[in-house]
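> no letters, just coordinates:
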């Protein structure tokens, strides 16, 4: 039976607040093999019965089930639209399948509201929270009501005493003066006929709060000095009339019970300062004053319809214990980002105070040094004798443990629950094998993503940093795109990458950029605040990776000028096609660095020029894909010149690399920069350098992501597995053996004796080295994208068996459905189980197959030395002799 299981809009199954006509797609399911869609019908209407249609495609003879974009549609603001799809394939036709979406404000000129603040201009250094409120009347029966809201700072919006929506830390972090997201909510169920009240709680957040590390010229008020709120509500009545309510100077404001809230240091809440009924009808008690209107450029507002931060998972504590030094500590058993909810009984004036941290020291005591002064604390003061349930609203912590500084009575496990916080993304990828350490590594990689995708892709979630370092985001992108549906998350962030580019096209080290022009006395950043190789290349590599993952050309179109600007920047500052520029991080924190240095031994000229070539080559492909022939030819010619210069500069006359480092060989091989006649020498050189380190890596940020690829792509799958499975220092599994639940910043963040690498830069939740997840999926599991037919429209399934594993399997939920690969090594034979989604095809390759015992109906033949077969949709079980 053929059926539609899901309709996608811009790769999401729900869109609330969208401000453009989305791309549509649908996932098909069938009990037959080799099913390709013959036709589809797509309709969009303003009503659920589809009597008021604004679009009807009719029967379209096409196999397209993704990236379907209706033309000639005009959408109205703050409105429900209903979508339905019907498909025919393999002689069957589906029933209509239906979904809906909600628009935001389709044009920023429609804003009638003003930003308002309850703060004084002199409050720039004050971290207090504030209330703003307004009473209003609903004059009759309501058909529907919507509100668009945002803030300069953080906000929670309330109507009639109830928080609207489930989003957290809204509106998130963007380059606020160039790009600010607003959120749209359906508030029909929140309002009532007659008297109503609405309001918002505001806090400093990223906008005006303390952000950045020591040495920057300023560490707060990066974008402004006052938290402000914006809201525009439309109420549509059953009689056909409409009313718009806005924030303006008739609203009033007061201090809230949040007496202190900062991203780094946590939240202090004094329940004695609560004002009952503050967001309800009537006139609440308290010291209310007229708000002040704040000027802001409305042209930079963007509707955010997906990917907002939410509470995702509930984590219960594992134990409460006393340390040797006498501290009472809660262990939640998992390093993560989130906030703690406390349930407790107390009397007036009682205090709950918790300090969050990542690890215990060698003696089993609280270890705070790696937080670099950050408090990560929550403090609650009781107003009266009662039982309360409290969790902070305007901060998040990176932690596994919490020290109980103060608590009324004896704390018990039932008093505490963590709610993890990260951008809402659908989980899409899974990995499992017979090696429990590898499974734990996969777990750690996933939790590193969860912990560091709190609205922007941060380096770490705990210390005085938590910044959108572009290098971390770049090297982890392919792994992230497997694990989660990152389309909305990365699309939003890439707008800030572009917004923060220099006029020449240079790309900031961190995005949103709070460093450029603010370097101060920071010993590192005052050497240069933008345009480091591997970091800045995020501008090209991340959109390209999204194109591969989703088959989406729109992201390439949207980011095209940003990509082109970055390539032009490198070209402008290259000398005879050798690119280098000011501060370069190089092979950051590589183990072949000189004592006391963070900079690896691979020369910057080599790593910079390698990335110059790689990104330019990708951009030439992108121009060709988008039909920009002139640019494609221009940048392909540039690419070839860079490659020629790289080869003449970094290989001697005997074909030996001039830089004898692991990373030099890795990037030359993986980026395709090695002359064909020198490939064998280069891979042999890498193997010798690996042997020199007793089979261990000594690579940093540049070399590590591609090490296993460089080996497996050149006939050394065994060595790649050997490297992956090392479990002594330095290795991925060393951290697992040390009890890690996330990936660490340093290979030996914690040494075997429990002592620490260094207090100044030692995160235990740093996803960058988790980029190995990409190899585990693409090579070990063999789930590979066909670049010429991306988005898994055509998959290449070519798992490489090894590592003394009995079995290994992975699954990815693509825009077409789930593609699966799983193998069992049964000694004299192997079994491969594959699932190919409906409306897609795959090439299935068998690793070192001598004979196919059971082809499950497929026609295998040896092509280029590999046993291959072409497969349509369906599930297959293949048995072969190796």
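Cool, the structure landed. Here the structure is a predicted model, which means the values were calculated and not measured.
> from residue 396, how far off is the residue lying closest to residue 274 once chain neighbours are set aside?
Spatially, and ignoring its direct neighbours in sequence, residue 274 is nearest to residue 257 (4.7 Å; C-beta to C-beta, 6 or more residues apart in numbering). (Glycine included, C-beta is placed from N, CA and C.) Using C-beta to C-beta, to the nearest Å, residue 257 is found at 19 Å from residue 396.
> quick check on the nearest residue to residue 577 once chain neighbours are set aside: phi, psi?
Distances taken as C-beta to C-beta, 6+ apart put residue 645 closest to residue 577, at 3.8 Å, once the chain neighbours are dropped. Phi and psi for residue 645, reported as degrees, to the nearest 10, are phi -70, psi -40.
> next: residue 604.
Note on residue 604: its backbone torsions stand at phi -60, psi -40 [degrees, to the nearest 10].
> hang on, the earlier thing: quick check: the residue nearest to residue 577 touching residue 605?
No: with contact defined as C-beta atoms under 8 Å, residue 645 does not reach residue 605; the gap is 10.5 Å.
> joint contacts of those two?
Taking C-beta atoms under 8 Å, 6 or more residues apart in numbering as the criterion, residue 645 and residue 605 both touch residue 578.
> and residue 648, how far from residue 656?
Look at residue 648 and residue 656: by C-beta to C-beta, they are 14 Å apart.
> and if you look at residue 323?
Note on residue 323: its distance to residue 656, by C-beta to C-beta, is 54 Å.
> the two - which one has more neighbours?
Taking other C-beta atoms under 10 Å, residue 323 and residue 656 do not tie; residue 323 has more neighbours (16 against 13).
> quick one: that one from residue 331, how far?
The value you get for residue 323 to residue 331, if C-beta to C-beta is used, is 11 Å.
> do residue 9 as well
Remark: distance between residue 9 and residue 331 (C-beta to C-beta) = 42 Å.
> in terms of neighbours, single out the busier of the two.
Neighbour comparison, residue 9 and residue 331: the larger count goes to residue 9, with 21 against 14 (by other C-beta under 10 Å).
> so what's the more buried one closest to, chain neighbours aside?
Closest to residue 9 by C-beta to C-beta, 6+ apart is residue 22, at 4.0 Å.
> just checking, the one you found touches residue 100?
No: at 11.7 Å, residue 22 and residue 100 do not qualify as touching, with contact defined as C-beta under 8 Å.
> please identify which of these two sits among more neighbours.
residue 22 (21 against 17).
> quick one: that one is in a helix?
No: counting by DSSP: H, G, I helix; E, B strand; the rest coil, residue 22 falls outside a helix, being coil.
> quick one: residues contacting it.
9-10, 15, 69, 101.
> what about the residues you listed, which are in strands?
With DSSP state E as the criterion, strands contain 9, 15, 101 from among the contacts of residue 22.
> of these, closest to residue 766?
Distance to residue 766, by C-beta to C-beta, is smallest for residue 15 among those, at 32.5 Å.
> for the closest one, which non-adjacent residue is spatially closest?
Once flanking residues are discounted, residue 15 sits nearest to residue 101: 4.0 Å by C-beta to C-beta, 6+ apart.
> that neighbour bridge partners, please.
Counting by DSSP bridges, residue 101 forms beta bridges with residue 15, residue 81.
> any idea how far residue 189 is from it?
18 Å.
> of those two, who's got more company?
Set residue 101 next to residue 189 and count neighbours by other C-beta under 10 Å: residue 101 wins out with 25 against 11.
> how close does the more buried one get to residue 426?
Distance from residue 101 to residue 426, by C-beta to C-beta: 16 Å.
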